[in-house]
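Novice: just a sequence and a predicted model for now, questions to come.
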There are 2 protein chains.
Amino acid sequence: MSTPPQSSAEIYEQFRGLITSGELGAGERLPTVRQVARDLGVALGTAARAYKMLESDHLVVSRTGAGTTVAADSARLSKDAVVQIRKLVASARANDDSLDDVISAVRTAWR
Amino acid sequence: MSTPPQSSAEIYEQFRGLITSGELGAGERLPTVRQVARDLGVALGTAARAYKMLESDHLVVSRTGAGTTVAADSARLSKDAVVQIRKLVASARANDDSLDDVISAVRTAWR
DNA sequence: CAATTTGTGTCACCTAAGTGACACAAACGG
DNA sequence: CCGTTTGTGTCACTTAGGTGACACAAATTG
């Protein structure tokens, strides 16, 4: 495939968001690498690389044979931020702002 | 250089944030591609590619000889969103949240 | 007008990261 | 216990996007 629908970095980001926001709780099982690969139409190694990145961050624990589960202390985002993010998204949506513009502005506002 | 300090995509994002949030106003001049290349330690072509991307988005206007300036109708983010982003960043900072975690959570909350 | 500035285009080259197709070891489950 | 599931590792190959070093055309400047 010449243009992958998702890169390993994007897959990583996807799960990272679910985990750090607490939407995926500690102990919960992630889909298998082969599941992810099939669902997103990427190669096995690409999904595997994403999981490796998550493990490097200690966001998940992978064991061959058993699957991959969310690590114990993985809800890293404060409740405050989660609430603010919900408001921001509502506001931006109401104004038809684009996700990319919002992300860029957050990055800019951060420094 | 094996590991570029910034990729063209990152440089693009940087300016995109400044422009869509209105921090760089219409008509304002951007640094020259050579300036950007020198300052960030990237190759000329890398900075040029970033500017090309900005132009594809109609965020800037480039003319050989003259420089690159912010396009007329380029403040694309709503005031509401800008305000919410300011609050979010304050909140996240106060709680020691990481930028990457916040970005990931915003992405997740969006869908 | 002449020199400079600035964006653009091209060259050969290198590396990161994607691909499919495997193989293997650890854990699980009937 | 034995077959299946699952994460991991490797292979050769392709592509996107970096690199430095140029050259060129258009706009600005003195």
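Specialist: Here it is on my side, so go on. Because the structure is a prediction, the values reported are computed rather than measured.

Novice: and the helix or strand A:Arg107 falls within, what does it pack onto?
Specialist: Take DSSP states H and E as the rule and A:Arg107 turns out to sit in helix A:99-110. Counting contacts by 3 or more C-beta pairs under 8 Å, 6 or more residues apart in numbering or on different chains; DSSP states H and E, helix A:99-110 is packed against helix A:79-94, helix B:8-20, helix B:79-94, helix B:99-110. Backbone N, C-alpha and C define where each C-beta goes, glycine included.

Novice: mind redoing it with 6 Å?
Specialist: helix B:8-20, helix B:79-94 (3 or more C-beta pairs under 6 Å, 6 or more residues apart in numbering or on different chains; DSSP states H and E).

Novice: C-alpha coordinates for it, CSV please?
Specialist: Provided in CSV are the C-alpha atoms of helix A:99-110 (Å, rounded to 0.1, in the frame of the first residue of the first chain):
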residue,chain,number,x,y,z
LEU,A,99,-9.7,20.2,14.5
ASP,A,100,-6.3,20.9,12.9
ASP,A,101,-6.7,24.6,13.6
VAL,A,102,-7.6,24.0,17.2
ILE,A,103,-4.7,21.7,17.7
SER,A,104,-2.3,24.2,16.1
ALA,A,105,-3.6,27.0,18.4
VAL,A,106,-3.3,24.8,21.5
ARG,A,107,0.3,24.1,20.6
THR,A,108,0.9,27.8,20.0
ALA,A,109,-0.8,28.9,23.2
TRP,A,110,1.3,26.4,25.2
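
Novice: what does chain A put close to DNA strand D?
Specialist: Taking C-beta under 7 Å from any atom of the strand as the contact definition, chain A meets DNA strand D at A:2-3, A:30, A:32-35, A:44-45, A:48, A:51-52, A:55, A:62-68.

Novice: same thing but 6 Å
Specialist: Residues of chain A that fall close to DNA strand D, judged by C-beta under 6 Å from any atom of the strand: A:2, A:32-34, A:44-45, A:48, A:51-52, A:55, A:62, A:64-65, A:67-68.
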